[in-house]
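Trainee: Predicted model follows, preceded by the sequence.
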Amino acid sequence: MEVELERIPVFVKENSLLPIAEPVESVEANTCFSITAYLFGNNSTEFTLFEDDGQTFDYEKGIYNKVRLLWSKKSGLEIIKTGGFNGNRYKVTGIKHVTTMEDLI
């Protein structure tokens, strides 16, 4: 595989869901990350994000969320959040179905 020096090849397993956050200049206590879920493949798949305050050890006391991203042809993207953290660190802003390298550009 030939690759330009300015690019890094990334290999992703088929039927994966890869959440990518928009870049931010700094992370504060109230930072909410805008997430795009990239879908590789056509079969049902899921990914789980861990969400906490990002500053304390409260996760050790169970104060965190699991944010499940599930995708299927029938239902599309579903987001299921469970846990004891009251904040909101992630906002899923879209899904992009990747079938070719050009879909990533």
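Mentor: Okay, I see it.
Trainee: who are the neighbours in contact with the residue nearest the centre of the chain?
Mentor: Nearest to the mean C-alpha position of the chain, counting by C-alpha atoms, centre = their mean, stands residue 19 at 2.2 Å. Neighbouring residues of residue 19 by C-beta atoms under 8 Å, 6 or more residues apart in numbering: 35, 36, 37, 38, 47, 49, 69, 92. To be clear about C-beta, it is placed using only N, CA and C from the backbone, and glycine gets the same treatment.
Trainee: Buried residues in the helix or strand encompassing it, which are they?
Mentor: Using DSSP states H and E, residue 19 falls within strand 16-21. Applying a neighbour-count criterion of 16 or more other C-beta atoms under 10 Å, one finds 17, 18, 19, 21 buried in strand 16-21.
Trainee: And for stretch 43-55?
Mentor: For stretch 43-55, by 16+ other C-beta under 10 Å, it's 45, 49, 51, 52, 53.
Trainee: Tell me the predicted confidence for residue 49.
Mentor: On pLDDT, residue 49 comes in at 97.
Trainee: Excluding sequence neighbours, find me the nearest residue to it.
Mentor: The shortest distance from residue 49 to any non-neighbouring residue, by C-beta to C-beta, 6 or more residues apart in numbering, is to residue 67 (4.2 Å).
Trainee: thought residue 96 was touching residue 37?
Mentor: Yes - using C-beta atoms under 8 Å, residue 96 is in contact with residue 37, at 7.4 Å.
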